[in-house]
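Trainee: Predicted structure and sequence below. I'll ask about it afterward.
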Amino acid sequence: MNHRCCVFAFSGADAQAAEKVKLGLGGFAIWAAGISDSESDMHKNQGSINMHTDSEVYFRGNTTLDNGIRVDVIVQLEADQVNAGIIDESYLKVGNMKQWGEFRLGSTKSAHFLFRAFGPHVSAISNATNHQQSAQFVPSTTPLKGPATFLSHEGGADRMLAMYVTPNLNGFQGGISYTPSQTNTDDPPKTKGMDATEANNVSMGANYKGKFGDASIGISGGYTTVGGRGNNAEYNTVQAGMNVSFAGFSIGGHWAERSDDTAMSKVDDREGWMAGVGYKTGPWNVALTWLNTTDDVSANPGEVEHNQYSLGMTYSLGAGVLVGASIFTIDLQDETMVTDLGADDAVGGEGENADTTTGGNDNEGWGMLAGIRVNF
């Protein structure tokens with residue numbers, strides 16, 4: 001009797017041997033300034049001087065239990081003046097990546113986004129794969145948000161989800177996530193059964209990373225299906241990417257396409273491309289990157305096409321401090337057709353047929369910027 005009590009007491013103490021999670025502090029702070037000039041159909045000589053900040057504070061910690069399961073806590077806090085105090089991501093990781101993988105539970109990005117392979121891209125604010133970089137410095141770069149963020153942010157919005165990530169099997173790794181609602185909240189959000197305008201999605205992604213002699217290669221693929229919105233958009237997105245590096249040189253690209261499955265609609269049809277070449281040696285990193293996005297922004301015929309070229313360079317000063325500069329050009333072509341219903345074109349009226357005009361949001365311009373990034 002006493003022997004059993006002793007055994008039980010020892011086992012209980014052993015089960016509590018793992019230490020509680022202790023959060024560490026990290027993050028980054030970015031500041032950049034730029035000058036630009038552009039000319040659109042609606043505004044001529046749109047010269048601009050602007051500044052940009054982007055800062056986040058990370059709280060991270062982990063512990064490994066006696067059974068080998070590791071538990072991580074990740075909380076990311078926006079630290080800029082406008083968004084200060086807003087939680088960007090907050091999730092748990094539970095698993096054993098050497099044996100059976102892990103689960104990610106909470107508000108974070110989808111599997112489609114997690115496993116992307118990109119071509120080289122460098123900029124002073126580390127965001128050269130995002131058209132928003134030019135939108136912050138060149139006025140009226142895009143008439144709508146669609147082409148501004150699609151390629152780099154598809155699947156990148158933080159949503160309450162559950163994800164499974166496989167172990168790395170000879171360079172291959174993948175994951176699948178389920179998001180019940182597009183409303184990001186810690187309370188149980190409304191789903192399709194409660195709100196006909198809500199949507200859920202299933203997202204899958206996989207990649208391969210390997211070395212062949214002195215060369216490295218990365219290949220990715222992904223698929224996301226969004227549904228449950230009733231009369232609102234339902235769509236599927238596929239992505240693929242590849243990059244190769246050797247002796248400091250790198251080359252690669254990425255492609256993503258979204259197909260709108262809503263009956264008689266193509267509003268969410270979008271396609272994005274990026275390609276880049278780069279070279280890295282010691283503290284220096286330089287890359288030339290091309291971005292292209294086409295977007296059927298409305299039910300009207302035609303689409304918006306955005307091309308952007310950027311040449312960026314960074315230099316590491318050490319201790320987590322990075323400085324850089326870049327120059328970019330943008331070209332926006334708005335080919336959407338807008339129906340102009342005059343008095344003579346009203347339903348049941350007489351006279352000429354409905355007029356159509358080509359959208360007037362064409363814009364082209366250039367910009368230069370320089371900045372500093374501090375990782376802590």
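Mentor: Alright, I've got the coordinates.
Trainee: all contacts plus neighbour counts: C-alpha atoms, from now on.
Mentor: Noted.
Trainee: measure the residue nearest to E19 when sequence neighbours are not counted to M163 for me?
Mentor: By the measure of C-alpha to C-alpha, 6 or more residues apart in numbering, the closest residue to E19 outside its immediate chain neighbours is T63, 6.5 Å from it. Applying C-alpha to C-alpha, to the nearest Å, the value for T63 to M163 is 20 Å.
Trainee: So for the two, which sits in the more crowded spot?
Mentor: For T63 versus M163, neighbours defined as other C-alpha atoms under 10 Å are more numerous around M163 (22 against 17).
Trainee: I'd assumed L105 was in contact with that one.
Mentor: Yes: M163 lies in contact with L105 (C-alpha atoms under 8 Å); the separation is 6.5 Å.
Trainee: so who does the nearest residue in space to T166 that is not next to it in sequence touch?
Mentor: Leaving aside its sequence neighbours, T166 sits nearest to G101 (C-alpha to C-alpha, 6+ apart; 4.5 Å). Residues near G101 by C-alpha atoms under 8 Å, 6 or more residues apart in numbering: 95, 164-167.
Trainee: ok, now with 10 Å
Mentor: The neighbours of G101, taking C-alpha atoms under 10 Å, 6 or more residues apart in numbering as the test, are 69, 94-95, 164-168, 173-175.
Trainee: Roughly how far does it sit from E89?
Mentor: Per C-alpha to C-alpha, G101 is found 21 Å from E89.
Trainee: what about the residue nearest to Q182 when sequence neighbours are not counted, how many neighbours?
Mentor: Excluding its sequence neighbours, the residue lying closest to Q182 (C-alpha to C-alpha, 6+ apart) is A199, at 6.0 Å. As a burial measure, A199 scores 22 neighbours (other C-alpha under 10 Å).
Trainee: ok, now the one 5 residues further on?
Mentor: Other residues near M204 come to 24 when the count uses other C-alpha under 10 Å.
Trainee: from memory it sits against T166, does it?
Mentor: No: contact criterion C-alpha atoms under 10 Å: M204 and T166 do not qualify, at 11.6 Å.
Trainee: anything in contact with each of the two?
Mentor: Contact with both M204 and T166 is made by residues 174-176, according to C-alpha under 10 Å, 6+ apart.
Trainee: Neighbouring strands - and their directions - for the helix or strand containing V286?
Mentor: When elements are assigned from DSSP states H and E, V286 belongs to strand 284-295. Looking at strand 284-295 with DSSP bridges, its partner strands are strand 270-281 (antiparallel), strand 304-318 (antiparallel).
Trainee: nearest to S216, of those?
Mentor: strand 270-281 (13.8 Å; C-alpha to C-alpha).
Trainee: re earlier: might you specify the subset of the contacts of G101 located within helices?
Mentor: Using DSSP state H, the subset of these located in helices is empty.
Trainee: Let me know the closest of those residues to Y58.
Mentor: Checking the contacts of G101 one by one against Y58 (C-alpha to C-alpha), the nearest turns out to be V94, at 18.5 Å.
Trainee: burial of T281, as a residue count?
Mentor: 11.
Trainee: I'd say it and F249 touch.
Mentor: Yes: using C-alpha under 10 Å, T281 makes contact with F249 at a distance of 8.9 Å.
Trainee: buried sites along stretch 271-282?
Mentor: 271-280 (16 or more other C-alpha atoms under 10 Å).
Trainee: Would you agree H112 falls within a helix?
Mentor: Yes: per DSSP: H, G, I helix; E, B strand; the rest coil, H112 lies within a helix segment.
Trainee: That one contacts G241, doesn't it?
Mentor: No: counting by C-alpha under 10 Å, H112 does not reach G241; the two are 11.7 Å apart.
Trainee: Between those two, which has more neighbouring residues?
Mentor: Neighbour comparison, H112 and G241: the larger count goes to H112, with 28 against 23 (by other C-alpha under 10 Å).
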